[in-house]
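Chemist: What would the 3D arrangement of this be:
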Amino acid sequence: MRALHLDLKPIADNYVDIRFFEDNHNQYQRRSLPLDQIADLIQLAERDYYVSLPEDYAITGRRLYNWLDGSERFLQRLLERYRREGIVLAISAAAKLAHLPWEVLHDGNSFLVARRPAIAPVRWVSSDTIKKLAIETAPENRALQVLFMATSPLGVHVLDYEAEEARILTATARQPLALRVEESGCLSELVDDYGRGYFDVLHRNLVKLQ
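Modeler: Model prediction:
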């Protein structure tokens, strides 16, 4: 998982200075955004901090996303670069920006945190000794993600999908598995839905024609 940092600091009363960097805090891109586009959100967040948002979470998340994205589609291009890896979007928001609900960032299709692999907005505090968010890279202690797919040649419909599913369910009934059946039958769509790298093992069993 990759960490992308956004360091937001108000400038005077009308603008926000945003510095973006990945691993080296001294190598950053810089942008300036107008505060008036989200002035009402800031006012509401300062008034209603720690209580329910006054509007739908997706609406607020979409407004914040569009504000960061800008007409240059800055945020979208940034996230698209690493969308297969999973991203921690580390946001340092100073002063009145700190109360904004960055956790509900929404790209118009879904909340960022609901993507697969997820893009997780988290808060971090920059200081003289802490320049970036540290991510633990030790191997994850979890079960293997295994995809088993029975296949046949393109254009040849020889599989009895329901029978194949029944055999798999019978064979694994007494095994300690978290089994889920997918109905798409399209490997590329299935992998795209879960994200490349999600499955540790991919096994395809080709059905031979007689």
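
Chemist: remind me, longest strand of this protein?
Modeler: Longest strand in the chain by number of residues (criterion: DSSP state E): strand 2-11.

Chemist: For that strand, which strands pair with it and how are they oriented?
Modeler: Applying DSSP bridges to the sheet, strand 2-11 is found paired with strand 15-21 (antiparallel), strand 87-93 (parallel).

Chemist: contacting residues around the last one?
Modeler: Counting by Cβ atoms under 8 Å, 6 or more residues apart in numbering, strand 87-93 makes contact with 1-8, 79, 100, 102, 105, 112, 117-126, 132-133, 135, all of which sit outside it. From N, CA and C alone the C-beta is placed, and that goes for glycine too.

Chemist: Please state the offset of that strand from the chain centre?
Modeler: Taking Cα atoms, centre = their mean, to the nearest Å, one finds strand 87-93 lying 12 Å from the centre of the chain it belongs to.

Chemist: List the buried residues for that strand?
Modeler: Going by neighbour count (16 or more other Cβ atoms under 10 Å), the buried part of strand 87-93 is 87-93.

Chemist: The first one now?
Modeler: With burial defined by 16+ other Cβ under 10 Å, the residues of strand 15-21 counted as buried are 16, 18-21.

Chemist: so the residue nearest the centre of the chain bridges to which residues?
Modeler: In the chain, the residue lying closest to the centroid (Cα atoms, centre = their mean) is I119, at 2.2 Å. Beta bridges link I119 to I87, judged by DSSP bridges.

Chemist: show me what contacts it?
Modeler: Contact analysis of I119 by Cβ under 8 Å, 6+ apart lists 79, 83, 86-87, 89, 105, 112-113.

Chemist: mind running it again at 6 Å?
Modeler: Residues near I119 by Cβ atoms under 6 Å, 6 or more residues apart in numbering: 87, 89, 112.

Chemist: separation between the last one and R19?
Modeler: The reference is to L112. 20 Å (Cβ to Cβ, to the nearest Å).

Chemist: again, but for the second one
Modeler: Taking Cβ to Cβ as the criterion, L89 is separated from R19 by 14 Å.

Chemist: Tell me the helix or strand right after the longest helix seen in the chain.
Modeler: Ranked by residue count under DSSP state H, the longest helix found in the chain is helix 57-69. Downstream of helix 57-69, the first helix or strand assigned by DSSP states H and E is helix 74-81.
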